[in-house]
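# Give me coordinates for this.
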Amino acid sequence: VAKRVCEEVAAGVKEDNGSAALSEKDELGGTVGYAIRFEDQTSEHTRIKYMTDGVLLRESLRDPDLNNYAAIVMDEAHERSLNTDVLFGVLRKIVSSRRSDLKLIVTSATLSADTFSSFFGGVPVFRIPGRTFPVETYFAKGVQEDYVMAAVKQAIQIHFNSPPGDILIFMTGQEDIEGTCQVLAQKIEQLSGKDGEEESGASQTPPLLVLPMYSQLPADLQAKIFEAAPKGVRKCIVSTNVAETSLTVDGIKYVIDSGFYKVKVYNPKIGMDALLVTPVSRANANQRSGRAGRTGPGYCFRLYTDRQYREELMEASVPEIQRTNLANVVLLLKSLGVKNLLE
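Here you go, the predicted structure:
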């Protein structure tokens, strides 16, 4: 995500400066750069740097006061990842006691702003109205036994019976995503074959471009979801919850929410972390439905009932710091010189 955003901003810098005056500062890694795990695309000219929370946390080991930065923006704070929560504690100490000149901005679409404001000592809160379009939400009539097949059926129904617009399907992980893509492609192929066998007068099956999206996918295949589909072709993206907040894909009009995602949970009996398929929270569900209203009015199809949404889903997800092994975090904080971990 950091790399993707950085590329877009760098392209904007190039466009603003014009092709006649391009220099190495205008290239990716010049004025605008990024740092992710195993990859650092920055230089002495870099003024805007995009990075993951883990990279910034490791930088605080080398430079406890983060003197290289005049301002830090923490985006998607509501996700409450382990690294983000630890960074909040580290940054609060830096801002309050060692660097009063450092500007810290915490942003989120669904954050409990007052809670975070009090955590940082009653700092001001700015509420910026969003520009989202209305989204019609539909619930399943009954409990779905197989959410993969339910998502495939819903996607085919949308494809054949609804106006143009791309589809975004939320699945749990790589296995479910690849299975959904495979079954969906097979169903479309079967329907195309039936159309071909029918005599004249039958309409051809409209083409559907099915694209997977998950973290282990090669970067060139991930980039395909951002490319516009050929004219007359509907795009269907099957993704993990990375498309819930981190990525925005233009043209999405229909969202299919399986109602599940994978979370890392520590199992003390075996002393290991495990990925468990878990129902989403209501906050996650609302974020997913909002994906359909980014560029125009949209529709969200939830593969669970209204009763399940109201009575069974949690209000918000359990923060990662409350459900994972904290051994590495404790060692990291000790290496940062934190004596009392509870302060």
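# Any stretches of the chain with poor pLDDT?
Along the chain, the model assigns pLDDT under 70 to residues 1-4, 10, 13-26, 110-111, 194-203, 246, 343.
# quick one, longest helix in it?
Longest helix in the chain by number of residues (criterion: DSSP state H): helix 174-197.
# Mind listing residues that contact that one?
The contact list for helix 174-197, computed with CB atoms under 8 Å, 6 or more residues apart in numbering, reads 148-149, 151-152, 155-156, 159, 169, 171, 202-205, 208, 210-214, 216, 236, 238-240, 258. The C-beta positions use only the backbone N, C-alpha and C, and glycine is treated the same way.
# how about 10 Å then?
With contact meaning CB atoms under 10 Å, 6 or more residues apart in numbering, helix 174-197 is reached by 147-149, 151-153, 155-156, 159-160, 167, 169-171, 202-217, 236-240, 256, 258, 260, 262, 277.
# what do you get for stretch 324-331?
57, 81-83, 85-86, 263-268, 271-273, 321, 332-333, 338, 341.
# Among those residues, name the ones in strands.
Val263, Lys264, Val265, Tyr266, Asn267, Met272, Asp273 (DSSP state E).
# Go through those residues and say which is closest to Gly251.
Val263 (29.2 Å; CB to CB).
# partners of that closest one in the sheet?
Leu276 (DSSP bridges).
# so what's it up against?
Counting by CB under 10 Å, 6+ apart, Val263 has contacts 172, 241, 274-278, 280, 317-318, 320, 323-324.
# Select from those residues the one having the most neighbours.
Using other CB atoms under 10 Å as the neighbour criterion, Val280 leads those with 26 neighbours.
# Run through the residues that contact that one.
170, 172, 241, 244, 257-261, 263, 286-288, 302, 304, 309, 313-314, 317.
# so how far is stretch 229-246 off the chain centroid?
Averaging C-alpha positions (CA atoms, centre = their mean, to the nearest Å) puts stretch 229-246 12 Å from its chain's average.
# Next: stretch 146-160.
That offset, for stretch 146-160, works out to 22 Å (CA atoms, centre = their mean).
# what do you get for stretch 116-133?
The answer for stretch 116-133 is 20 Å, by CA atoms, centre = their mean.
# Now that stretch: buried residues?
Buried residues in stretch 116-133, counted by 16 or more other CB atoms under 10 Å: Phe116.
# For that stretch, what is the spacing between the initial and final residues?
Using CA to CA, to the nearest Å, the end-to-end distance of stretch 116-133 comes out at 28 Å.
# One more: stretch 45-60?
21 Å.
# With stretch 211-226 instead?
Note: stretch 211-226 ends 10 Å apart using CA to CA.
# Show me what counts as buried in it.
For stretch 211-226, by 16+ other CB under 10 Å, it's Leu211, Pro212, Met213, Tyr214, Leu217, Gln222, Ile225.
# so how far is Phe116 from Glu39?
Glu39 is 30 Å from Phe116, where distance means CB to CB, to the nearest Å.
# quick one: Leu333 from Met74, how far?
With the distance defined as CB to CB, Leu333 ends up 18 Å from Met74.
# May I have the phi/psi pair for Ser302?
Careful, residue 302 is Arg; it's not Ser. Backbone torsions for Arg302, taken as degrees, to the nearest 10, come to phi -100, psi 130.
# Strands of the stretch 51-200 of the chain, start to end?
Ranges of strands in the stretch 51-200 of the chain, per DSSP state E, counting those that start in this stretch, are 71-74, 103-106, 135-139, 166-170.
# residues in contact with Ile156?
Ile156 is in contact with Leu184, Lys187, Ile188, Leu191, Leu208, Cys236, counting by CB under 10 Å, 6+ apart.
# coming back round to it: okay, and which of the contacts of Val280 map to helices?
Going by DSSP H, the helices hold Asn286, Gln287, Arg288, Tyr309 from the contacts of Val280.
# For stretch 124-139, what is the distance to the chain centroid?
With CA atoms, centre = their mean as the basis, the mean position of stretch 124-139 lies at 17 Å from the chain mean.
# domain ranges for this structure?
2-129+322-335, 135-312 (automatic domain parsing).
# ok so, going back, among the buried residues of stretch 211-226, which are in helices?
Those of those lying in helices (DSSP H): Gln222.
# Just give me the closest of the buried residues of stretch 211-226 to Leu102.
Nearest to Leu102 among the buried residues of stretch 211-226, with distances taken as CB to CB, is Gln222, at 33.3 Å.
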